[in-house]
Structures are given as C-alpha cells and as structure tokens.
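In: after the sequence you'll find the predicted model.
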Amino acid sequence: MSSIPSEANKIEVTGATVDFFELAKDGVSTYYFDTSKCGPPDPMVNAMSGLRLIKNTNNVLVMINSKSPGGLFGKLEADVSYSVEDVEGGLVKVTFTNVNVGIDSDLSQTACH
C-alpha cells in the first residue's frame, strides 16, 4: 500500500531527485514525495525542494522516508511545524506545514550535517 494517494497528480519540482505528487482539495495543495529507498543526501535535497513549495502558503508537504529526518527538524522549528507518524513497512510519514505564512525565511541555507 502506497502512502501517496492514487488520485494525486505527478508534478515537476525544481531540484527534486524523486517524483513529487500534488493533491488539491478545498484550495489547499498537499504535496507528496517518497525517499524511503534513497540514501543521503536525497531525502534532505528533496525535503528542501518540497519545503519551497509550501513556503508562505497554507499548503502541506508529506515526506515518506525510512526514518525521521532529525537533522532537518532542528533547523526548521521556527518556520515549519511537523508531525511524524509510523506507516506500513517500518517507514515514517512526516507532514510539514508552514506556521509563519507571510514571514520570509531562507530555506536554502538549511543543511544536514
């Protein structure tokens, strides 16, 4: 079972190394990507590309990964709210929402060390 809804449409995302999908409902887009089979730095690269999609919006980003991207969380707390949920197959689903709509933060400076 995929954690990406079958009705989501594939989209092009600048800088992404995996497929991204969008599901729009009630004026809000939810973007999905799966890096569960990727090794570093792909999960971070794709998270940063995806976070640019939701910057200064009410949209949502959902990341499916093999583990929680803890290095990312500490860098984003002021800009992004996130929740982590265990999903089928030992994977995690991380849901990101922008909590500072209208505040300009520079996501391009975030890196995982």
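Out: Cool, got the structure.
In: quick check: Val87 touching Ser2?
Out: No - no contact is recorded between Val87 and Ser2 when judged using Cβ atoms under 8 Å, the distance being 9.9 Å. Every residue, glycine included, has its C-beta placed from N, CA and C.
In: got the contact list for stretch 90-97?
Out: Around stretch 90-97, the neighbours that count as contacts under Cβ atoms under 8 Å, 6 or more residues apart in numbering are 3, 36, 47, 50-51, 54, 58, 60-69, 76, 80-87.
In: so which strand or helix has the closest residue to Asn59 other than its chain neighbours?
Out: With Cβ to Cβ, 6 or more residues apart in numbering as the measure, Ser29 is the residue that lies nearest to Asn59, at 4.5 Å, once sequence neighbours are left out. Using DSSP states H and E, Ser29 sits in strand 28-34.
In: who does the helix or strand following that strand touch, helix- and strand-wise?
Out: Where DSSP H and E defines the elements, the next helix or strand beyond strand 28-34 is helix 42-54. Contacts defined by 3 or more Cβ pairs under 8 Å, 6 or more residues apart in numbering; DSSP states H and E place helix 42-54 against strand 20-25, strand 28-34, strand 60-65, helix 70-76, strand 91-98.
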